[in-house]
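**Student:** Give me coordinates for this.
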Amino acid sequence: MIGGSIFFFIILVIIMMSFVSVQQGNVAVVTVFGKFRRILRPGLNMKLPFIEVIFKRISYQNRSMELKFQAISQDQANVYFTAMLLYSVLNEETETIQNVAFKFMDERSFMQALIRSVEGAVRAFVATKRQSEILLLRTEIIHHVKEQLDKQLETWGYHLMDLQINDISFDEDIMKSMSRVVASNNLKAAAENEGQALLITKTKGAEAEGNAIKISADAERTAAQMRGQGVALFREEVARGMASAAKEMETANLDASYILFSMWTDAIKHFAEYGKGNTIFLDGSADNYKRTMQQLLSTLQGFDAGIEDPKNKK
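**Tutor:** Below you'll find the model as predicted:
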């Protein structure tokens, strides 16, 4: 009875050892007496107990790793990199899984080789560039590293999916000098922009002032022209009126000096009404009156002759 129970228990253990569960995203490498035999896929699998041994479980999911390392540029400047490495197993084929399982002694050895390979590729590229060029070559550095490592990683069974360079920095003295260069360039650009803005403001102001002067001059010229035309028309009408009055006086056998005397008195009246308190001195002597009348009479005769002249009528 006891022997039967032991036998049943052994059979049960053997059966349980024959079933192996592999998680999704992983494969199991099976060896027989230390030699590769086959691969177990995700899910429930069977193996020969005590003969087939699971040597290693390998994940083909994406894996990431952060790197920090230093390189020296062509002009002997220290460049510090912070990068993120994204890699995975190349595929699930048997040959690829064998490379992953047996190329390196353990995971630590593979990680060391991968890190040193990435650092070496970056350093080789940076050594050919000057410090001032490196900040602009982030994408070129990534492409160079991928070209250098893709074939090598394939022989190891891995694939470099992405390399992101998150930070590039230099020694403190270089960073300070770069900051001063950037600040001076910004000040220079600001000064140039302010100068251009001031030039544009001055130019536009001068153009506006010139246009205003031109418009004012045009308006003044037009106003002066209109004032002159008004004065000319006024004088012409006065001349016509005086000539017509002289003819009427001549027809009525009256002395033309009467018209002049009337104009003289009207002028004095106008001075008194619109003088606004100003004092006007007039020479009221007989000689001055006679002289004034003679001047007005000669002017009247001149207007009369100009109106009656046939050439002027033409």
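**Student:** use CA for all of it now, contacts and neighbours both
**Tutor:** Will do.
**Student:** how far out from the middle of the chain is stretch 144-152?
**Tutor:** Its chain's average C-alpha position is 38 Å from that of stretch 144-152, according to CA atoms, centre = their mean, to the nearest Å.
**Student:** typo on my end, it should be stretch 199-206
**Tutor:** With CA atoms, centre = their mean, you get 23 Å for stretch 199-206.
**Student:** same deal with stretch 7-25?
**Tutor:** Stretch 7-25 has its C-alpha centroid displaced from the chain centroid by 69 Å (CA atoms, centre = their mean).
**Student:** right, and Leu67 touches Met111 too?
**Tutor:** No: counting by CA atoms under 8 Å, Leu67 does not reach Met111; the two are 11.1 Å apart.
**Student:** Phe110 sits in which helix or strand?
**Tutor:** According to DSSP states H and E, Phe110 maps onto helix 107-126.
**Student:** Please tell me how far stretch 36-55 is from the chain's geometric centre.
**Tutor:** Stretch 36-55 sits 63 Å away from the centroid of its parent chain (CA atoms, centre = their mean).
**Student:** tell me which residues of it are tucked away?
**Tutor:** Within stretch 36-55, the residues that count as buried by 16 or more other CA atoms under 10 Å are Phe36, Arg38, Ile39, Leu40, Arg41, Lys47, Glu52, Val53, Ile54.
**Student:** what's the answer for stretch 166-184, then?
**Tutor:** Within stretch 166-184, the residues scored as buried using 16+ other CA under 10 Å are Phe170.
**Student:** Could you export that stretch as CSV, CA atoms only?
**Tutor:** The C-alpha coordinates for stretch 166-184 follow below in CSV (Å, rounded to 0.1, in the frame of the first residue of the first chain):
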residue,chain,number,x,y,z
ASN,A,166,18.7,63.7,-24.5
ASP,A,167,21.5,66.1,-23.4
ILE,A,168,24.8,67.3,-24.7
SER,A,169,26.9,69.5,-22.4
PHE,A,170,30.4,70.8,-22.0
ASP,A,171,32.8,71.8,-19.3
GLU,A,172,31.6,74.7,-17.1
ASP,A,173,34.1,77.2,-18.6
ILE,A,174,33.0,76.3,-22.1
MET,A,175,29.3,76.6,-21.2
LYS,A,176,29.9,80.1,-19.7
SER,A,177,31.7,81.2,-22.8
MET,A,178,29.0,79.9,-25.0
SER,A,179,26.4,81.7,-22.9
ARG,A,180,28.4,84.9,-23.3
VAL,A,181,28.6,84.4,-27.1
VAL,A,182,24.8,83.8,-27.3
ALA,A,183,24.1,86.8,-25.1
SER,A,184,26.4,89.1,-27.2
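**Student:** what's next to that stretch, contact-wise?
**Tutor:** Stretch 166-184 is contacted from outside by Ala77, Asn78, Val79, Tyr80, Phe81, Thr82, Ala83, Met84, Leu135, using CA atoms under 8 Å, 6 or more residues apart in numbering.
**Student:** State the helix or strand in which the residue nearest to Ile115 when sequence neighbours are not counted lies.
**Tutor:** Nearest in space to Ile115, with sequence neighbours left out and distances taken as CA to CA, 6 or more residues apart in numbering, is Leu67 at 7.5 Å. Assigned by DSSP H and E, Leu67 belongs to strand 63-72.
**Student:** now the strands: where do they sit in the stretch 101-250 of the chain?
**Tutor:** Assignment of strands within the stretch 101-250 of the chain using DSSP state E, counting those that start in this stretch yields the ranges 158-170.
**Student:** For it, which segments count as helices?
**Tutor:** Taking DSSP state H, counting those that start in this stretch as the test, the helices found in the stretch 101-250 of the chain are 107-126, 131-134, 138-156, 172-251.
**Student:** okay if I get these as a markdown table plus mean pLDDT and distance to Met16?
**Tutor:** Converted to a markdown table, the helices of the stretch 101-250 of the chain look like this (pLDDT from 0 to 100; distance: least, CA to CA, whole Å):
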| stretch | mean pLDDT | distance to Met16 |
| --- | --- | --- |
| helix 107-126 | 91 | 30 |
| helix 131-134 | 84 | 60 |
| helix 138-156 | 89 | 34 |
| helix 172-251 | 79 | 63 |
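**Student:** Ile10 is nearest to which of the ones you listed?
**Tutor:** When these are compared by CA to CA, helix 107-126 sits nearest Ile10, at 35.7 Å.
**Student:** Any buried residues in the closest one, and which?
**Tutor:** Quick answer for helix 107-126 (16+ other CA under 10 Å): Leu114, Ile115, Ser117, Val118, Glu119, Ala121, Val122, Arg123, Ala124, Phe125, Val126.
**Student:** Tell me the one of those residues nearest Tyr158?
**Tutor:** Of all the buried residues of helix 107-126, Tyr158 sits closest to Leu114, with 10.1 Å by CA to CA.
**Student:** Report the contact partners of the closest one.
**Tutor:** Listed by CA under 8 Å, 6+ apart, the contact set of Leu114 is empty.
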